[in-house]
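> Based on what follows, work out the 3D shape:
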Amino acid sequence: MPFTHLESILTNVRAEYADLRYETKKEVQIVFSGPELTQISSSTTDGYVMRVLKNGGFSTVVFTEEKDGPAALARAEENAELISRFIIKPVRLAKTEVVRDTFSPNLDEDPRSVDMEEKLQLTRSYNQRPLQQAKIVTTQIQYLELVREKWFINTEGTRIREDLITTRLGGTITSQEGGLTQTVRVGRGGSSGFALLRNQEALFEAKTALALDLLKAKPVKGGTYSVILNPNLAGVFTHEAFGHFSEADLIEDSPSMLEKLQLGTAIGHPNLTIIDDPTRPGQLGFYKYDDEGVTARPVPLITRGVLAGRLHSRRTAARFGEPPTGHAIAEDYRYGPIIRMGTIFIQPGQTPFDTLMSELNDGLYLIGTLGGQTSGENFTFGAEYGYEIKNGRQGDMIRDINISGNLYHTLQHIEGIGDDLELSQLGGCGKGQTNIRSCHGGPHILVRDVVIGGR
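Next comes the predicted model:
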């Protein structure tokens, strides 16, 4: 798709601004449900997303054929004009640099060069390992490969060609004994290439062993505890409980949230720093340019406990009077972009894990996540498993763990931050659209006064 084709579509724009994104989406899926292969597919689809700003009205039109471009432009301009007549707050776009670039990530083995038979055999071999155990009753294991090849232009002169390439392999392993069932998550993924998925036998064996061990673990006793969260669970908390409130489009029309989340407000413990950084190469959340053609950059969200920034599109950046951040991301060619996290994480501290355990003294060490939900500033998450800690020493394994709390209370009670850092390889986010590349992580963290319940 040469840029000249896209430029020809925007030739007759009669508006202050327009942009056009064309992309092809190539997807491969292989799915096992227990021992049965339930899906193997490969598809390529493509389409266009056009946005037009006219007299303060901002409209989006999606179309699939190049020949429909002129009609789509006319429709987008008409829609923008109609919106402008009724909109209370006319849209403005923050200024950003004009970019002309072609970018493709460095890959350790391009998945597009690996044939389907090899992908199938690798997925089957990982799936078969847990099923060899009598108490493993089922698995759900999927190979997913997603390639977005994108071309972007706007009337300001930006021209960008970028590829996003994601591979992941994983799912769930379920054990059962009598009436007790336990499920654990397993997998690897990222944007660094297919090689990441090779030689993961030890991971699948360890997760199988965990699923079996959980059948012997005891249910957690509900109460209020001091806890250590492992990096995965700390990352999920950061993404779900805090990260969405850093997305400007989710708070812009909420006076109460705007009041609580003014930049410069002390919001967390003084040792807490949270960053969103889509520029970390090889990570699941890595990209160079967002779907508005804005260069991605690291954004400090909390610095030493103080609210320091938020994530923006060009529209919200103009509305807040803050700089664009490069965080407007679309699921694919069917959608206009919305504000999304890239790679959000708690910055590591200087405390070794053993010291955190000593400082915890009595409490719980909680590991992994089984999903959760938020309701305003309150949250509930499930932990995969954990251990009782007595006098800084690891005790019995526990299961069926729910963590609940209030965002602001929890941020103030993060008292210890480990010197390690682990970023998720199986992230994702379902806000508005699906974004499989959203990444989270952190170090181990010590949190006081956490409410724990069973399931």
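> which stretches of the chain aren't confidently modelled?
Across the chain, the ranges flagged by pLDDT under 70 are 1, 455.
> Domain parsing of it, as residue ranges.
3-213, 218-454 (automatic domain parsing).
> looking at the ones you listed, which is buried most?
Most buried of the domains of the chain, by mean neighbour count (mean count of other CB atoms under 10 Å): domain 218-454, with a mean of 20. Where C-beta positions appear, they are placed from N, C-alpha and C, glycine not excepted.
> Any idea how far apart the tips of that domain sit?
This stretch, domain 218-454, spans 11 Å end to end (CA to CA, to the nearest Å).
> So what's the gap between it and the chain middle?
Averaging C-alpha positions (CA atoms, centre = their mean, to the nearest Å) puts domain 218-454 11 Å from its chain's average.
> wait, doesn't E66 sit right on H5?
Yes: counting by CB atoms under 8 Å, E66 does reach H5; the two are 6.3 Å apart.
> Now do P105 against V299, distance only.
Per CB to CB, to the nearest Å, P105 is found 21 Å from V299.
> correction: F3
From F3 to V299 the distance is 29 Å (CB to CB).
> Please enumerate the helices of the stretch 301-450 of the chain.
Here the stretch 301-450 of the chain has its helices, by DSSP state H, counting those that start in this stretch, at 314-320, 353-360, 407-412.
> want to try TSV for the ones you listed, with distance to A383 as columns?
Converted to TSV, the helices of the stretch 301-450 of the chain look like this (distance: least, CB to CB, whole Å):
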stretch	distance to A383
helix 314-320	34
helix 353-360	15
helix 407-412	14
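> how about the ones you listed, which one is nearest G372?
Of all the helices of the stretch 301-450 of the chain, it is helix 407-412 that lies closest to G372, at 12.8 Å by CB to CB.
> tell me which element L120 is part of?
helix 116-131 (DSSP states H and E).
> and that helix, what other elements does it pack with?
Contacts defined by 3 or more CB pairs under 8 Å, 6 or more residues apart in numbering; DSSP states H and E place helix 116-131 against strand 17-33, strand 36-54, strand 136-154, strand 159-177, helix 201-213.
> okay, the angle between the helix or strand that comes right after the fourth one and helix 116-131?
Elements were assigned by DSSP H and E; along the chain past strand 159-177, the next helix or strand is strand 180-190. Per axes from the mean of the first three to the mean of the last three CA atoms, to 10 degrees, the angle that strand 180-190 makes with helix 116-131 is 150 degrees.
> quick one: strand 180-190 to chain centroid distance?
Distance of strand 180-190 from the chain centroid (CA atoms, centre = their mean) equals 17 Å.
> Pull the residues that contact that strand.
Outside strand 180-190, the residues that touch it by CB atoms under 8 Å, 6 or more residues apart in numbering are 137, 141, 144, 166-176, 196-197, 200, 203-204, 207, 210-211, 214-215, 282-284, 368-370, 384-385, 399, 425-426.
> next one: stretch 320-329
Defining contact as CB under 8 Å, 6+ apart, one finds that stretch 320-329 is touched by 94, 96, 247-248, 252, 276, 278, 287, 289-292, 294-297, 299, 309-314, 317, 337-342, 435, 437.
> Enumerate every residue touching L370.
For L370, the contact set (CB under 8 Å, 6+ apart) comprises T183, R185, F381, G382, A383, E384.
> Which parts of the stretch 351-455 of the chain are strands?
Applying DSSP state E, counting those that start in this stretch to the stretch 351-455 of the chain gives strands spanning 363-375, 378-390, 393-399, 401-406, 414-417, 422-423, 439-442, 445-454.
> Quick one: list the elements packing against the second one.
Pointing back at strand 378-390 there. Partner elements for strand 378-390 (3+ CB pairs under 8 Å, 6+ apart): strand 180-190, helix 231-237, strand 363-375, strand 393-399, strand 401-406.
> Also the last one?
Other helices and strands packing on strand 445-454, by 3+ CB pairs under 8 Å, 6+ apart, are strand 223-229, helix 353-360, strand 401-406, helix 407-412, strand 414-417.
> That strand to strand 223-229, inter-axis angle?
With the same axes, to 10 degrees applied, the angle from strand 445-454 to strand 223-229 works out at 140 degrees.
> Who does strand 445-454 pair with, and is each partner parallel or antiparallel?
Within its sheet, strand 445-454 is paired with strand 223-229 (antiparallel), strand 401-406 (antiparallel), strand 414-417 (antiparallel), according to DSSP bridges.
> For G441, find the nearest of the ones you listed.
Closest among the strands paired with strand 445-454, using CB to CB: strand 223-229, at 11.5 Å.
> what's the angle between that closest one and helix 353-360?
160 degrees.
> tilt between strand 223-229 and strand 378-390?
80 degrees.
> Out of the helices of the stretch 301-450 of the chain, which is closest to G305?
Checking those against G305 by CB to CB gives helix 407-412 as the closest, at 7.9 Å.
> which helices and strands sit right next to that closest one?
Where contact means 3+ CB pairs under 8 Å, 6+ apart, helix 407-412 is packed against strand 445-454.
> residue nearest the centroid of the chain?
Taking CA atoms, centre = their mean, the centroid of the chain lies closest to S438, which sits 1.9 Å from it.
> Quick check: closest non-adjacent residue to that residue.
Closest residue in space to S438, ignoring its immediate chain neighbours: C429 at 3.9 Å, by CB to CB, 6 or more residues apart in numbering.
> what two of the contacts of L370 have the greatest distance between them?
Using CB to CB, the contacts of L370 span at most 15.3 Å, a distance reached by T183 and F381.
> Grab the nearest non-local neighbour of V98.
The nearest residue in space to V98 (CB to CB, 6+ apart) is G157, at 4.4 Å.
> Might one say that P130 is in contact with L210?
No: assessed by CB under 8 Å, P130 is found out of contact with L210, at 10.3 Å.
> quick one, the strand or helix carrying T60 and strand 36-54 angle?
Using DSSP H and E, T60 falls within strand 57-63. If you take the same axes, to 10 degrees, strand 57-63 sits at 140 degrees to strand 36-54.
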